[in-house]
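K.L.:
Kindly generate the corresponding structure for this input.
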Amino acid sequence: MRTAAAGAVGIAVLALTTPAARAVGENTSEAAGVICGTDRASGLTVGTARARDCATALRVASAYTRSWNSGGEGATTVHAAGSVWNCREQPGPLNPYQECVETGGTGRWVTLTS
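P.N.:
Model prediction:
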């Protein structure tokens, strides 16, 4: 009984300390990454490839939703976190999602999903 309880506590500690490495959303069939939080303006979930990029991802998402809310196009370029990002709606298996890709060729991306 003690062994099972100790194992359950160990699993709970790991679950609380390990970043959530999982698919960014049900709509992104290939992209695996981390969930960074929620964009305040849109309420959409923000994700990216690596946990260390979450602060950047949230800034990019905020810049994109500001452009979107001010009557900008669905596909647009935003300047955020010291870089230029191309953002647009992408088709998903169930629902479309928003994706921003850094133009500097670093391979960094940000998704916004519902």
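K.L.:
what residues are up against the closest residue to G74 other than its chain neighbours?
P.N.:
In space, and not counting its chain neighbours, G74 is closest to E89: 5.1 Å by Cβ to Cβ, 6 or more residues apart in numbering. In this view, the C-beta of every residue, glycine as well, is placed from N, C-alpha and C. Each residue near E89 by Cβ atoms under 8 Å, 6 or more residues apart in numbering is listed here: 74-75, 96-99.
K.L.:
same check, this time on W109
P.N.:
31, 48-49, 99-102.
K.L.:
any idea how far it lies from S70?
P.N.:
23 Å (Cβ to Cβ, to the nearest Å).
K.L.:
And for G71, the neighbour number?
P.N.:
Number of residues near G71 (other Cβ atoms under 10 Å) recorded here: 6.
K.L.:
Assign it to one of the three secondary structure states.
P.N.:
coil (DSSP: H, G, I helix; E, B strand; the rest coil).
K.L.:
Which of the contacts of W109 fall in helices?
P.N.:
Among these, none falls in helices (DSSP state H).
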